[in-house]
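[1] whatever this is, show me its structure:
(one chain, ligands or ions: 2)
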Amino acid sequence: MQKTKIAPSLLAADFGNLQRDVELVNNSDADWHHIDVMDGVFVPNISYGMPVVKAIQKHATKPLDVHLMIVDPDRYIKEFANLGATYLTVHYEACTHLHRTLQAIKVAGMKAGVALNPHTPVQLLENIIQDIDLVCVMSVNPGFGGQSFIANTFDKVRALKALITARGSKALIEIDGGVSTANAKELVAAGADVLVAGSFVFKSTDPIATIKSLKA
Ligand code: DX5
Ligand code: ZN
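    Ligands and ions are numbered 1, 2, ... in the order given. Next up is the predicted model:
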């Protein structure tokens with residue numbers, strides 16, 4: 001079995017010391033840099049856009065896992081490819097033609113991810129799971145860091161794992177929101193492949209050790 005991947009969310013980084021926090025992730029046991037882009041329309045918050053992603057990319061040495069919480073993501077697929085994104089994740093709820101969007105992400109040379117809000121059932125992916133490289137299961141309502149983990153995520157992850165196995169899909173399962181050592185073990189047992197953690201990492205006194213503890 002593949003070891004669980006850890007993707008620290010830079011949303012919780014100190015933006016006045018962004019280079020320092022990106023390098024912290026470079027020098028840790030983390031696997032990816034998780035980058036949250038919010039537009040103030042799909043979610044009730046605005047995080048950062050292309051210039052900041054470019055600044056992150058300049059210093060990052062690990063794959064960029066870009067999570068778009070924006071409406072009409074198709075408009076920006078090429079730009080994120082040019083910014084060096086490895087994974088580009090769009091929200092199921094923001095895509096009218098999800099299949100077309102995923103194809104466009106792959107044509108642009110990236111891996112295609114789909115994020116599900118807490119209320120969106122995994123069964124809705126039944127007819128597209130084979131085309132997805134990563135499913136991001138939101139374990140909080142998207143828009144803010146530091147929220148409490150929603151407990152029914154465990155059942156959702158188990159159901160998603162069963163769907164992926166039944167359909168012979170290679171999609172990775174990523175969990176995003178309220179992740180900590182209090183739920184990491186159960187999430188991995190349920191089928192999670194990638195854990196995103198923002199506050200738990202960057203608000204801790206020793207982020208490098210915290211990343212190591214999640215990885216363990
Ligand atoms: C929430 C973002 C998350 C967020 C997680 O909308 O998608 O990636 O940064 O933050 P924590 O780990 O603090 O819940
Ligand atoms: Zn995220």
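[2] if I look at the closest residue to residue 191 other than its chain neighbours, what pLDDT would I see?
    In this structure, residue 191 finds its nearest non-sequential neighbour in residue 161, 3.1 Å apart by Cβ to Cβ, 6 or more residues apart in numbering. For every residue, glycine as well, the C-beta is placed using N, CA and C. On pLDDT, residue 161 comes in at 98.
[3] all strands for the chain, in order.
    5-8, 33-38, 64-69, 85-91, 111-116, 134-138, 172-176, 194-197 (DSSP state E).
[4] now the angle between strand 64-69 and the fifth one, please.
    Pointing back at strand 111-116 there. With axes from the mean of the first three to the mean of the last three Cα atoms, to 10 degrees applied, the angle from strand 111-116 to strand 64-69 works out at 40 degrees.
[5] close to ligand 2, is strand 111-116?
    No: if you take Cβ under 5 Å from the ion as the test, strand 111-116 misses ligand 2, and the best it gets is 7.5 Å.
[6] ok, that strand: who's next to it in the sheet?
    Taking DSSP bridges as the criterion, strand 111-116 forms sheet pairs with strand 85-91 (parallel), strand 134-138 (parallel).
[7] so how far is that strand off the chain centroid?
    In terms of Cα atoms, centre = their mean, to the nearest Å, the centre of strand 111-116 is set 8 Å apart from its chain centre.
[8] so that strand versus strand 172-176, what angle?
    Using the same axes, to 10 degrees, strand 111-116 lies at 50 degrees relative to strand 172-176.
[9] give me the mean pLDDT for strand 111-116.
    pLDDT averaged over strand 111-116 gives 99.
[10] residues making contact with that strand?
    65, 67, 69, 86-92, 98, 101-102, 105-106, 122, 124-125, 128, 131-138, 142, 156, 174, 176 (Cβ atoms under 8 Å, 6 or more residues apart in numbering).
[11] intersect those with the contacts of ligand 1.
    The subset of the contacts of strand 111-116 lying close to ligand 1, counting by Cβ under 6 Å from any ligand atom, consists of 67, 142, 176.
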